[in-house]
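K.L.:
here's a sequence, model it:
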Amino acid sequence: MKRFRRQTGILFLIVMVDLLLALNLARLAGGERKVCVSEGESALPVSEAGDGTLERGTGNGGRTGGGGEEPGGENRFLALTFDDGPHPVCTKELLDGLRERNVKASFFLLGENIPGNEQLIRQMKEDGHLIGTHCYRHVDLTKEDAETAISMIRKTNREIEAVTGEEPVYIRPPYGKWNGQLEDALDMTPVLWDIDTLDWKSQNSGKVLRSIERNAGKHQIVLMHDIFPTTVDAALAAIDTLGEQGYTFVTVDELLID
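P.N.:
Sure, this is the predicted structure:
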């Protein structure tokens, strides 16, 4: 009888291990997320989609007024910034989520993505988001001759102004590359970042959210790209979770002036 029980126990363990392996494989197979960009649409390198997904809340964690104060009395602000848009699907979904949460963010637009997406830019302005320039195409401006680089930036500025009525004064140079020639020729403020979520690389909402949560400090600028659904998931989840922890979400001009 003891031998029979021992054999039965071993058989049960084998069945449970096989079941767990099957469940893990099924979860991994179902975790891939379709990205909002197609080949050639963005100059950023793209890796395989990750297996992290997030459940979104609809809370008011992100506050534009009040809050943002640590127990010790120090304010904690995050500026969420998004490059490479506007995208007709992802940017729209992000804007709607930000509006629902009454949160302002900063968008740095590629000029080549503006035609056909003017309504999204109008929504950005209507909702109080900061609208800046990325460039016309996603290129390293320091590797272009100065005349070409300046021309691309000014072309993007004109296209944004044609929609919003205001010329951008902030620029997020692609790859964060900027130099003295551009500084002297353009009356614009370059905006870099404190937290690089590498959202384009992982395309995994869980990893992007953890990157923000682990690195969030008192006054920081977060770099993301509004061309991936996983980024939209992570950004809105970060607003919900960090807002509950006392963070206030602001535009980059508010953070830089502060």
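
K.L.:
make it CA atoms for all contacts and neighbour counts henceforth
P.N.:
Will do.

K.L.:
and the nearest residue to His219 once chain neighbours are set aside, what does it touch?
P.N.:
The shortest distance from His219 to any non-neighbouring residue, by C-alpha to C-alpha, 6 or more residues apart in numbering, is to Phe77 (4.8 Å). Neighbouring residues of Phe77 by C-alpha atoms under 8 Å, 6 or more residues apart in numbering: Gly68, Gly217, Lys218, His219, Gln220, Tyr247, Thr248, Phe249, Val250, Leu255.

K.L.:
pick the one among these closest to Leu198.
P.N.:
Nearest to Leu198 among the contacts of Phe77: Gln220, at 15.7 Å, using C-alpha to C-alpha.

K.L.:
got the contacts of Phe77 as JSON lines, with distance to Gly206, pLDDT and neighbour count columns?
P.N.:
As requested, these are arranged in JSON lines below (distance: C-alpha to C-alpha, whole Å; pLDDT from 0 to 100; neighbours: other C-alpha atoms under 10 Å):
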{"residue": "Gly68", "distance to Gly206": "24", "pLDDT": "47", "neighbour count": "24"}
{"residue": "Gly217", "distance to Gly206": "19", "pLDDT": "91", "neighbour count": "16"}
{"residue": "Lys218", "distance to Gly206": "22", "pLDDT": "88", "neighbour count": "15"}
{"residue": "His219", "distance to Gly206": "23", "pLDDT": "92", "neighbour count": "18"}
{"residue": "Gln220", "distance to Gly206": "20", "pLDDT": "96", "neighbour count": "21"}
{"residue": "Tyr247", "distance to Gly206": "19", "pLDDT": "97", "neighbour count": "28"}
{"residue": "Thr248", "distance to Gly206": "21", "pLDDT": "96", "neighbour count": "27"}
{"residue": "Phe249", "distance to Gly206": "20", "pLDDT": "98", "neighbour count": "29"}
{"residue": "Val250", "distance to Gly206": "23", "pLDDT": "97", "neighbour count": "26"}
{"residue": "Leu255", "distance to Gly206": "26", "pLDDT": "89", "neighbour count": "15"}
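
K.L.:
of these, which pair is most distant in space?
P.N.:
By the measure C-alpha to C-alpha, Gly217 and Val250 form the most distant pair in those, at 13.8 Å.

K.L.:
okay, and the common contacts of those two?
P.N.:
In contact with both Gly217 and Val250: Phe77, Leu78, using C-alpha under 8 Å, 6+ apart.

K.L.:
hang on, the earlier thing: and the residue nearest to His219, bridged to which residues?
P.N.:
Here Phe77 sits in beta bridges with His219, Thr248, as judged by DSSP bridges.

K.L.:
if we can go back for a sec, Gln203: which of the contacts of Phe77 is nearest?
P.N.:
Among the contacts of Phe77, Gln220 lies closest to Gln203 (C-alpha to C-alpha), at 21.8 Å.

K.L.:
surely the closest one touches Leu192?
P.N.:
No. Gln220 lies out of contact with Leu192 (C-alpha atoms under 8 Å); the separation is 10.4 Å.

K.L.:
so where's the stretch 151-258 of the chain uncertain?
P.N.:
258 (pLDDT under 70).

K.L.:
one more time with 80
P.N.:
Scanning the stretch 151-258 of the chain for pLDDT under 80 picks out 257-258.

K.L.:
which stretches in the stretch 151-258 of the chain count as helices?
P.N.:
180-185, 199-202, 205-215, 229-244, 252-257 (DSSP state H, counting those that start in this stretch).

K.L.:
now the fourth one, how far from the centre of its chain.
P.N.:
For helix 229-244, the gap between its own C-alpha mean and the chain's C-alpha mean amounts to 9 Å (C-alpha atoms, centre = their mean, to the nearest Å).

K.L.:
do the last one as well
P.N.:
When distances are taken as C-alpha atoms, centre = their mean, helix 252-257 is centred 18 Å away from the chain's centroid.
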